[in-house]
Each structure stands twice: as structure tokens, then as C-alpha cells.
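In: Could you look at this predicted model? Sequence included:
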Amino acid sequence: MSTPTERKVRVRFAPSPTGPLHIGGVRTALYNYLFARQHGGSLIFRIEDTDSTRFVPGAEEYILESFRWLGIEFDEGVSFGGDHGPYRQSERRDIYKEYVRQLLDAGRAYIAFDTPDELNAKREAVPNFQYDARTRMQMRNSLTLGPDETQRLIAEGQQYVVRFLVEPGEEVHVDDLIRGDVKVMSDILDDKVLYKSADQLPTYHLANIVDDHLMEVTHVIRGEEWLPSAPLHVLLYCAFGWVDTMPRFAHLPLLLKPDGKGKLSKRDGDRLGFPVFPLEWHGQDGTVCSGYRESGYLPEAVINFLALLGWNPGTDEELLTMDQLIEKFDLAKCSKSGAKFDYVKGQWFNREYIQRTPDALLAPTLDAILRSEGIAQPIERVEAVVGMMKMKKINFIKELWPLCDFFFIAPTYSMDDKFVRKNWKEGAAAQMRRLADILTGLETFDVEHQRQAVDAWAAADGVKPWNAWRVCLVGTGKGPDMYELAAFLGKDETLRRMQAALDALPQV
RNA sequence: GGUCCCUUCGUCUAUCGGUUAGGACGAGAGAUUUUCAUUCUCUAAAGAGCGGUUCGAUUCCGCUAGGGACUACCA
């Protein structure tokens, strides 16, 4: 038999369709993707829907669309095909039944009839009650009832569960790629429920191990919240006799709340004003959760930001493309401690990516905003504005509108504006009249011709007309280089605004 | 309560026994500038505590403290 390291790398991301995909889940998927790509392996998309009561319609599609947007690609699984299917656990009932049977026959599991109510009562009555070697002989199960009575109850239609029989006194080792050798005594483990007769489905633990085995998964890369149940999973591999091909584990540090304590949760987004989901989510109860896409994040920025939360390449590089991440990613370099979710830095990543993205790709976003403001412009004009303005201090394209409205709407003039007061001083009106004359005389109204003419005059007369000119064209202290702005507005509009300013402002 | 994991600037982190403990975000200051920005320069800012091991510990070990996760017929 081959060892996991010799086998072709196969990893999986296996969410349960109970709602929108959490940003922590996105990071887990990303690490799996990077790992798979780096090793020329496969990434599998499996749906873990063994809890029929928590199924949420639309969640699966939402998850798929999120990964499409982010550029995380799967090789096989639900909606991708592959020869290890089906990849939806609810479609694998018969497979699980077979393996439950195996465990039962081997005496590694047993049938229990205790109802949820009975168990709750027990937990109330006995402090720290746990269904295990110390207590199982006091419960209603096949061990205490005997085979005949067990068969009779089943035939009678009593609901039951199958529990894993954990032998005490054993030291269980979880060999974790990030944390090293994690030891746990089997005594502290409880006899976990593996299968429920009520819906004919296994629980996570059983389905997970059976599927990972059958799908030939070589590495299980998942969140730290699974570390406590990892020993149980190891024991299951042992019980099935699959230790030789047991996957290697890597438990990732958790994403923590930016403030206070605890792991990042759904509600923190609304509370602190940043998305915790990749895409906007519309719940059935009418609630809407904001998404990174709709908030104006570029997928590359989200990927880069997430990749560095819990891992780093060991160098000072921070801006990394997906290809670079694939090349540099290393599970051994993952940190062990949880990372507070620093969304301010996430915004910085977005700013960096906006500045690196071609104007033509950014223009449609601004164009949509302009249209919502009732401004329709040829897309080339919008693109030009993006080009002039994207170096401003903005984290999102939507922040551009208040900074660039003057491109499309003639300003009003007021001495109440600090910038106007400061720059519409003695001689300003005369300067602007002279400037208007110069501009009027220009045959070609582009940046270079303006610069030549105006700079020559400014140098000869020793004047600095630019700020007063900005008052005329913008109305206040913002905007791009004056020549670029004037060229964009065109000669007519430029002169019109200058005249309007001269009419409206004091003749100083 | 029990079990496990974790602990370097406010935050994300580098350091794999010997460093002026480095970088980034954020903050502050300055320079440049045709406004706002950009860019550039600089500043403040950290090894939880206590014991060991060692010639030498941020680094290895132990204890304490703190944080986190798990403790369902949920994943």
C-alpha cells in the first residue's frame, strides 16, 4: 500500500449548505486550492448535507458563485463531475449504510435507543455527563439490551442511532502539519453518534471519513475548530483499517473578531461595518448580509488579503497574485495562533489593487454610479476620469463620485469655501481674464498646447494662476492636474466655467 | 467544569540559541507638489509573568496567567 505522501495530492473543500459561505471558509478553500495547484493535485467540491434540518435553498449555488467570482477553481465535485461521486452526501446514503454495517459487525459500534429527551435529562442530572465507556452500560443500547431485544425494538419501529465504541486507555496521535504531534487519551472521547435512523443519514464524522477515504483524499486542510474531533477521526480510520491511507491533517488558525474576543461571526460584519461574506446574501427572512463583491472589493484583493491572514511567504512581500501564492504557499509556514480580522488592512489591499487594475476594467463600476446620478457619458470619458482620479486616497471606486462630480457638473462658487477664500485673492480676476484670453487663442486644446502657452505666460509674468483656475473649473480644492482637467472639459466648457466664476466671485 | 490549541509593536507578522528584534497596515511628523492625492523621509510602538537548560535565550523545557476552540441524533 502506498503512503499518502506518494499518492497524487487530492484535497477537498466540503461546506454544508446551511447559508452563505463565511469568509473563514473562503480562506480554508483558498489554502486547499493553493496546496492542490502547487502539487499538481486535485481540489474536490463536496457538499456535506447530512443534517437535513439545516438545509438552506440557494446556499450551494451561492457558494459556487462565490468561488467563480474569486477565481478558485475546482477539479471535481458537485457541478464539476468526476469519477468519485456522487459528491453530495445526501446522495450517498447507501454507501454509508454499508460502512456503518461494517463497524457494527466488527463490534466497533453499537445501536443506541436513548431519545434526545432522555439524554438531556441525563445531562441535567449528571454533571459532566458523557456517553462513553463509563456510562454506556447504564444506557438503553444494544450492549445493555442484547441482540434479541435490539432487533425487536428496531422491528417495532423504534428510532435509534449508531454510536462509535471508543475503547479507553489508548493514546491517540494526530499528526498535524501545522501543529505537530497532538496527543489525546481516548478516555476523554465520547461514543459519538455516527448514524441516525430517523433520516437514514450519517453524522458529519462518519460521512467525512468514509468520503475522504473513498475519494482518495490525501490532505485534510480545515479550520482549527475541528482539532478536538480529529482524534475521533483517527480512531475511525483505525477502526476501518485505513491507517495506511489516512490523510495528513492541517488545522488552520481561526479568524478572530477585530475587536474583543472570539472567532469571527456572521454578526460582526453588520456590527463593525465590513462584509464577512464574499457575495451579498439575501436570507429567506428578508435579512440582507453585505458581500465583498457588492461592497466594491476586487476579487484579487480579497484573495491576497485572506492568503496573508494566517500565512506569509517568510519575506517582506505582501502584494501577491494568485500564481505567486500558488508558488510560495507552504503549510509549514502557517501560523498557529488565531488572526484578528483586520479589515482596515483589507481595504488597503483593495486600494493597491485598484491602482494596479487597468482603467478600462474599473470604468464600468464608476459608470454605473454616474448613471444612478443621472449622468450618461461615453465609457471612454468615464475611463479617462478613472485614470485621472484612481490615485486619490480611495479604497473603493464608489468613493470616487464625490471626488469627481465636477467633471460632469459645473460647480457653484462661494467665498465660504476655504480653498476659494485662500486662492481667489488680489489679482485673481484679472489673471483669469488673461488666462481666458490665452486659452481662447489656442488652436489645439490638449494638455501639451495648454501647458506650453500657460507655462510661458506664468513664467514671463511671474504668476501662479493654477489655484485660481482650479477655483473656476472645480469650485473647490480637489481634482486632477489643471491641464488634464481643462482638456477633458474641452475649450468651450472651460471658458464657460471661467466666465461663470468671474461673474459669481468678487472682482478682486 | 473537562479536553485540546495558542501567546513578538494597537493589528497581520519575520526571527528556525548570539540581531541596534525586521517588514506591512494604522497613527504622528516632515519634504516634494498646481488643490486633494500620490511619492519620499522620519518618529512612536512588541518578546505575558516566573522558574529552569545553556557561555548565551524572543527562540528549548516547566509552571502560572491570559486568549481561543471543542464539549449535539450541527457541521
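Out: Looks like it came in fine. Numbering: from 1, shown residues only, chains lettered A, B, ... in the order given.
In: what does the least confident helix or strand in chain A by mean pLDDT rub up against?
Out: When each helix and strand of chain A is scored by mean pLDDT, DSSP states H and E, helix A:266-272 comes last, with a mean of 85. Residues from elsewhere that reach helix A:266-272, judged by CB atoms under 8 Å, 6 or more residues apart in numbering: A:H22, A:K257, A:P258, A:D259, A:P275, A:V276, A:F277, A:C289, A:S290, A:F341, A:Y343. Yep, even glycine has a C-beta here, placed from its N, CA and C like the rest.
In: for stretch A:233-248, same thing?
Out: With CB under 8 Å, 6+ apart as the test, stretch A:233-248 has contacts from A:1-5, A:7, A:99, A:102-103, A:106, A:108-109, A:164, A:166, A:170, A:172-175, A:177, A:186, A:189, A:205-206, A:208-209, A:212-213, A:216-220.
In: So which of those belong to strands?
Out: A:A109, A:F164, A:V172, A:H173, A:V174, A:D175, A:H219, A:V220 (DSSP state E).
In: Show the buried residues in these.
Out: Buried members of these, counted by 16 or more other CB atoms under 10 Å: A:A109, A:F164, A:V172, A:V174, A:H219, A:V220.
In: Looking at the residues you listed, spot the one nearest RNA strand B.
Out: A:V174 (8.1 Å; CB to the nearest atom of the strand).
In: quick one, what contacts that closest one?
Out: Applying CB under 8 Å, 6+ apart, we find A:V174 in contact with A:D181, A:V182, A:K183, A:V184, A:L227, A:A230, A:P231, A:V234, A:F249.
In: go on, A:D446?
Out: In this structure, A:D446 makes contact with A:A487, judged by CB under 8 Å, 6+ apart.
In: Tell me the spacing between it and RNA strand B.
Out: To RNA strand B, A:D446 is 13 Å away according to CB to the nearest atom of the strand, to the nearest Å.
In: ok, back up a step: if any of the contacts of helix A:266-272 are buried, give me the PyMOL selection for them.
Out: Per 16+ other CB under 10 Å, the buried members of these correspond to this PyMOL selection:
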select buried, chain A and resi 22+257+275+276+277+289+290+341+343
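In: Give me the subset of the contacts of helix A:266-272 lying in strands.
Out: A:C289.
In: can you tell me how far A:E156 sits from RNA strand B?
Out: Distance, A:E156 to RNA strand B, using CB to the nearest atom of the strand: 15 Å.
In: Please name the residues that touch the nearest residue in space to A:K425 that is not next to it in sequence.
Out: Closest residue to A:K425 apart from its sequence neighbours, by CB to CB, 6 or more residues apart in numbering: A:V508 at 6.1 Å. Applying CB under 8 Å, 6+ apart, we find A:V508 in contact with A:W424, A:K425, A:E426, A:G427, A:A428, A:A429.
In: Pull out the buried members of these.
Out: Buried, going by 16+ other CB under 10 Å: A:W424, A:A428, A:A429, out of these.
In: how close does the second one sit to A:A504?
Out: Distance check for A:A428 against A:A504: by CB to CB, to the nearest Å, it reads 13 Å.
In: Equivalent analysis for the last one, please.
Out: With distances taken as CB to CB, A:A429 is found 11 Å from A:A504.
In: intersection of neighbour lists for these two?
Out: Common contacts of A:A429 and A:A504 (CB under 8 Å, 6+ apart): none found.
In: Next, count neighbours for A:M432.
Out: Here the count is done by other CB atoms under 10 Å, and A:M432 has 21 residues near it.
In: so what's it scoring on pLDDT?
Out: What the model reports as pLDDT for A:M432 is 96.
In: Identify the residues contacting it.
Out: For A:M432, the contacting residues are A:P465, A:A468, A:W469, A:C472, A:M498, A:A501, A:L502, by CB under 8 Å, 6+ apart.
In: correct me, but the last one touches A:A428?
Out: The reference is to A:L502. No. With contacts counted by CB atoms under 8 Å, A:L502 stays clear of A:A428, the gap being 9.4 Å.
In: now the stretch 151-300 of chain A, which segments are flagged as low pLDDT?
Out: Residues of the stretch 151-300 of chain A meeting the criterion pLDDT under 70: A:260.
In: how about the residues of it that lie near RNA strand B?
Out: A:159, A:161, A:179-180, A:182-185, A:188, A:190, A:193, A:196, A:198, A:201, A:203-205, A:224-229, A:253-254, A:256, A:261-263 (CB under 7 Å from any atom of the strand).
In: what separates the closest residue to A:G441 other than its chain neighbours from A:L439, distance-wise?
Out: Among residues not flanking A:G441 along the chain, A:A453 sits closest, at 7.6 Å (CB to CB, 6+ apart). Taking CB to CB as the measure, A:A453 falls 8 Å from A:L439.
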